[in-house]
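> predicted model, plus sequence, below.
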Amino acid sequence: MQKASWTCDDVGSAPSEVFDHAKAKVATGADGWLVAYARVRGVIVVTNEQSAPQSGKEVKLPDPCGQFGVRRDNTFAMLRALHIQFDWTGDG
């Protein structure tokens with residue numbers, strides 16, 4: 001599986017039993033499906049997670065996004081792109 005194999009090259013120093021669990025989680029969990037869907041549909045993934053490619057405990061969502069060429073933004077960038085404005089004055 002391509003999703004699981006890319007992580008092997010990026011994290012060489014993690015203990016294998018911890019790393020195997022992280023690979024399995026991203027390959028079978030919701031994050032893996034989200035990245036696959038976004039790649040096929042050409043949409044943007046919105047997340048506030050920060051990239052952590054050297055983490056052996058878990059694979060953060062930005063890392064597979066970057067590996068598979070899926071664009072990602074944070075919540076604030078999404079709100080700006082959608083021209084969302086909040087009225088904090090209470091007048092309207």
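Sure thing, it's come through.

> in the protein, which residue is closest to the centre?
Within the chain, the residue whose C-alpha comes closest to the C-alpha centroid is Leu61; the distance, by CA atoms, centre = their mean, is 1.8 Å.

> OK, contacts around it?
By CB atoms under 8 Å, 6 or more residues apart in numbering, the contact set of Leu61 is 31, 34-35, 45, 47, 49, 72. All C-beta atoms are positioned from the backbone trio N, CA, C, and that covers glycine.

> out of those, which comes closest to Ala22?
Closest to Ala22 out of these is Asp31 (10.9 Å), distances taken as CB to CB.

> the closest one in helix, strand or coil?
Three-state call for Asp31 (DSSP: H, G, I helix; E, B strand; the rest coil): helix.

> among the contacts of Leu61, name the buried ones.
With neighbours counted by 16 or more other CB atoms under 10 Å, the contacts of Leu61 contain buried members at 31, 34-35, 45, 47, 72.

> which ones among those lie within strands?
Secondary structure assignment (DSSP state E) places 45, 72 from these within strands.

> that older thread, any chance of the contacts of Leu61 in JSON lines, with pLDDT and distance to His83 too?
Formatted as JSON lines, the contacts of Leu61 follow (pLDDT from 0 to 100; distance: CB to CB, whole Å):
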{"residue": "Asp31", "pLDDT": "90", "distance to His83": "28"}
{"residue": "Leu34", "pLDDT": "94", "distance to His83": "25"}
{"residue": "Val35", "pLDDT": "93", "distance to His83": "27"}
{"residue": "Val45", "pLDDT": "97", "distance to His83": "20"}
{"residue": "Thr47", "pLDDT": "96", "distance to His83": "21"}
{"residue": "Glu49", "pLDDT": "94", "distance to His83": "25"}
{"residue": "Arg72", "pLDDT": "96", "distance to His83": "20"}
